[in-house]
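> sharing a model prediction with you, sequence too.
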Amino acid sequence: QQQVKQSPQSLIVQKGGIPIINCAYENTAFDYFPWYQQFPGKGPALLIAIRPDVSEKKEGRFTISFNKSAKQFSLHIMDSQPGDSATYFCAASKETSGSRLTFGEGTQLTVNP
Amino acid sequence: GAVVSQHPSRVICKSGTSVKIECRSLDFQATTMFWYRQFPKQSLMLMATSNEGSKATYEQGVEKDKFLINHASLTLSTLTVTSAHPEDSSFYICSARVAGLQPQHFGDGTRLSIL
């Protein structure tokens, strides 16, 4: 019940395309859903996060869509650039558990020039 | 703001030695720090959670006597891999947060290679 399922495992788009990465969770107690970006040899960096009281959040070129009834959330990257090529992780946590994050399996995104 | 510094970034050492990794929150007080392990092309696996001034809570399957965690101050946590062996080679990442607040802020990781 603590799992977060992420898809696809890898994704290749052309520059300017809109890659979409999806995550699904089972635990309805989760109340915080961040997305992290990780470059090779580096730690994850927070991109954007959402809470269940909103269905969409946008920050720059990154948008999270959240469907509470379906227990799914997704990351959209508008006008993708080669510099966006990285591994993306979704995660989920519940505050009362001390905020330990449960990570998805990761998606390796490649944006071709 | 919210910078987490991890040191060293890379360690190569012989089997049987102990290795200490430091995790510092540079511009905030981290009441909670987390230690993760990541194998190539895999996700982050939580090893343990440490709160300042108390014993760390280890995840199931993580040997607490092998992976010693100390969180003696609000800005520093250390992970010591004792008697390291080649199977301990991995990418170790720490994160830190202020109690009751999101998000977790991650360090840049330590690449540990045991020969």
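Yep, that arrived. Residues are numbered from 1 along each chain as shown, chains lettered A, B, ... in the order given.
> what pLDDT does the residue nearest the centre of chain B get?
Central residue of chain B (C-alpha atoms, centre = their mean): B:Trp35, 3.7 Å from the mean position. Per-residue pLDDT puts B:Trp35 at 96.
> equivalent analysis for the one 5 residues further on, please.
Among the per-residue scores, B:Pro40 holds a pLDDT of 92.
> pretty sure it sits in a strand.
No: under DSSP: H, G, I helix; E, B strand; the rest coil, B:Pro40 sits outside any strand and is assigned coil.
> count of residues packed around it?
For B:Pro40, the neighbour count with other C-beta atoms under 10 Å in any protein chain shown is 7. Heads up, the C-betas are built off the backbone N, CA and C, glycines and all.
> residues contacting the residue of chain A found nearest chain B?
Closest to chain B within chain A is A:Gly43: 3.8 Å, counting by C-beta to the nearest C-beta. Contact analysis of A:Gly43 by C-beta atoms under 8 Å, 6 or more residues apart in numbering or on different chains lists B:Val4, B:Gln6, B:Ile93, B:Ser95, B:Phe106, B:Gly107, B:Asp108, B:Gly109.
> what distance do you get for it to B:Gln6?
7 Å (C-beta to C-beta, to the nearest Å).
> okay, and the common contacts of the two?
Residues touching both A:Gly43 and B:Gln6 (C-beta under 8 Å, 6+ apart) are B:Ile93, B:Gly107, B:Asp108, B:Gly109.
> the first one reaches B:Phe106, doesn't it?
Yes: with the criterion set as C-beta atoms under 8 Å, B:Ile93 and B:Phe106 qualify as a contacting pair; they are 5.9 Å apart.
> where in the chain is pLDDT low?
Using chain A. Applying pLDDT under 70 to chain A flags residues A:1-2, A:96-98.
> not quite, I wanted chain B
In the predicted model, chain B carries pLDDT under 70 at residues B:1, B:99-101.
> give the buried residues for stretch B:64-73.
For stretch B:64-73, burial by neighbour count (16 or more other C-beta atoms under 10 Å in any protein chain shown) applies to B:Phe67, B:Leu68, B:Ile69, B:His71.
> got it, and stretch B:31-46?
Buried residues in stretch B:31-46, defined by neighbour count with 16+ other C-beta under 10 Å: B:Thr31, B:Thr32, B:Met33, B:Phe34, B:Trp35, B:Tyr36, B:Arg37, B:Gln38, B:Ser43, B:Leu44, B:Met45, B:Leu46.
> please apply the same query to stretch B:90-104.
Those buried within stretch B:90-104 under the rule 16+ other C-beta under 10 Å are B:Ser90, B:Phe91, B:Tyr92, B:Ile93, B:Cys94, B:Ser95, B:Ala96, B:Arg97, B:Val98, B:Gln102, B:Pro103, B:Gln104.
> farthest pair within the residues you listed?
For the buried residues of stretch B:90-104, the maximum inter-member distance is 27.4 Å, found between B:Ser90 and B:Val98 (C-beta to C-beta).
> quick revisit: would you reformat the shared contacts of A:Gly43 and B:Gln6 as TSV and include secondary structure and distance to A:Phe39?
Shown next, in TSV, are the shared contacts of A:Gly43 and B:Gln6 (DSSP: H, G, I helix; E, B strand; the rest coil; distance: C-beta to C-beta, whole Å):
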residue	secondary structure	distance to A:Phe39
B:Ile93	strand	13
B:Gly107	coil	14
B:Asp108	coil	10
B:Gly109	coil	11
